[in-house]
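# I would like the atomic coordinates for the input below:
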Amino acid sequence: MDGTLALWFDALEAGRAAPSLDLHVNLWRDLSADFNFLDVGFRMPDVGNVRRFHLFFPVPIVVSSISDLGSTLRYGETLKAVFNDPVVAGSGDASSYPTEIDGEPHLTVQMIDPARDLTVEPLAIDPLDGTIVTFGDEICGRMRAGGCQYLRMRVHLQGRARDLFSTEIAAGDWRLTTATSVTETTEFRFNERRSYPDAVARRIGEGVFAVARIHYFLIRDLEQQLTGQHSPLRNVRRLEPSLWAPYLQGEPTREDTWRAPGKVMNRLAIYHWSKKFGTDDAQPSFTAFASFRTARVHLSIYAVAIVLFGAMGSLLAALLTSWLSVPVDASEVRGELLAAGAVAVLIVVYWLAVSAPWHTISARVRAWARQRLARVGSWRRSKS
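Below is the predicted model of the structure:
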């Protein structure tokens with residue numbers, strides 16, 4: 001990860017103690033070629049002195065890539081899955097609802113309307129643009145009504161944000177092998193002061209939350225083998241499809257809901273890191289690093305390479321034989337040179353084709369196609 005996430009608040013009154021906060025983070029990888037999510041939950045016992053609060057991402061984020069998970073939490077058994085407790089949703093309104101555990105009040109879940117409650121501000125930093133997502137006065141005003149408050153949102157990692165937390169390294173020249181070992185490093189950083197851009201460091205000032213605990217969950221395909229981690233895991237287990245499929249898919253269903261294939265949900269493992277901070281931690285920070293390894297098979301690419309290089313070898317051998325023959329047949333040599341040149345061009349085209357980032361290109365094309373289809377659907381509904 002190049003940079004760090006940062007979280008801070010604007011106070012209503014200066015000089016008061018910093019509000020406490022628990023942070024819940026779910027990073028979903030390997031769902032499909034073009035779907036990776038970052039879910040962020042904020043458990044805030046006391047919001048009385050919070051006018052606004054801000055979350056910084058070191059990559060470009062647009063408001064359309066942010067969605068609310070508050071309504072999703074009350075669907076089925078999702079609350080129990082997320083909080084690992086028998087949490088039950090009570091009746092509420094369009095903006096919030098209370099929850100209970102064994103008949104006792106637990107917390108109030110707030111629903112987020114990104115267009116109304118959030119402000120997305122691009123920030124010019126090096127090497128990529130960053131983004132400050134601000135939770136505005138209106139939603140913070142609702143939360144100040146009292147009691148423990150909870151927000152949860154999902155950020156669809158698209159474009160340059162797709163590889164915000166991960167870097168892939170392929171071993172050797174994979175174009176000439178039937179399979180290769182691919183190592184992916186996944187790193188999550190939060191409130192790492194040395195990685196703050198100057199503009200973010202100036203804005204944070206004294207508005208640092210008293211983070212009590214961070215829970216970070218990384219969800220990967222079981223095919224990805226964990227080879228190392230920065231700090232010991234708290235827990236690892238298979239993901240329960242019956243509990244997590246509704247949450248992952250964003251129930252209740254919408255027209256743009258991503259439907260998780262059954263084969264995906266049955267192949268996921270969840271890795272859990274957590275850190276508890278003391279009251280003397282003036283600048284709570286957290287880093288979780290993990291490396292995974294998997295084998296990537298590409299028999300068709302290997303077969304094409306063997307055929308092209310075999311053809312080039314045969315043509316060069318024939319060309320050498322023609323040159324050494326007496327007398328030299330100029331027309332035959334010319335024909336073999338043209339054939340060798342054509343195969344050389346094919347080899348260059350092949351090398352460029354397999355080296356192109358088709359994974360990213362195809363994901364962006366599919367995202368573009370979905371956006372266009374959604375616009376056409378909206379236009380047709382407005383005309384009907």
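# Going by C-alpha atoms from here, please, whenever you check contacts or count neighbours.
OK.
# Tell me where the chain has helices.
With DSSP state H, the ranges of helices along the chain come out as 70-73, 78-83, 114-117, 137-143, 198-204, 241-249, 262-265, 299-324, 330-355, 358-383.
# how about the second one as PDB, C-alpha atoms only?
Coordinates of each C-alpha in helix 78-83 appear next as PDB, following Å, rounded to 0.1, in the frame of the first residue of the first chain:
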ATOM      1  CA  THR A  78     -26.300 -10.400   8.900                       C
ATOM      2  CA  LEU A  79     -26.200  -8.500  12.200                       C
ATOM      3  CA  LYS A  80     -25.200 -11.600  14.000                       C
ATOM      4  CA  ALA A  81     -22.500 -12.400  11.500                       C
ATOM      5  CA  VAL A  82     -20.900  -8.900  11.600                       C
ATOM      6  CA  PHE A  83     -21.000  -8.400  15.400                       C
END
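# Give me the distance from it to the chain's centre.
Distance, stretch centre to chain centre, for helix 78-83: 21 Å (Cα atoms, centre = their mean, to the nearest Å).
# buried stuff in it?
For helix 78-83, burial by neighbour count (16 or more other Cα atoms under 10 Å) applies to 78-81.
# thinking again about what came up before, who wins for proximity to residue 19 among the helices of the chain?
With distances scored as Cα to Cα, the stretch of these nearest to residue 19 is helix 137-143 (12.9 Å).
# Could you list every helix and strand in contact with the closest one?
With contacts taken as 3 or more Cα pairs under 8 Å, 6 or more residues apart in numbering; DSSP states H and E, helix 137-143 sits against strand 50-57, helix 114-117.
# what's in contact with it?
With contacts defined as Cα atoms under 8 Å, 6 or more residues apart in numbering, helix 137-143 is touched by 47, 50-52, 110, 112, 117, 149.
# Show the buried residues in the residues you listed.
Taking 16+ other Cα under 10 Å as the criterion, what is buried in the contacts of helix 137-143 is 47, 50-52, 110, 112, 149.
# Now tabulate those residues in TSV and tack on distance to residue 334 and pLDDT.
Shown next, in TSV, are the buried ones among the contacts of helix 137-143 (distance: Cα to Cα, whole Å; pLDDT from 0 to 100):
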residue	distance to residue 334	pLDDT
47	82	91
50	80	94
51	80	94
52	76	94
110	77	94
112	71	94
149	80	95
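# Pick the one among those residues closest to residue 162.
residue 112 (22.9 Å).
# if I look at the closest one, how far off is residue 82?
Using Cα to Cα, to the nearest Å, residue 112 is found at 18 Å from residue 82.
# just the helices of the chain: most buried one?
Neighbour counts (mean count of other Cα atoms under 10 Å) averaged over each of the helices of the chain peak at helix 70-73, with a mean of 22.
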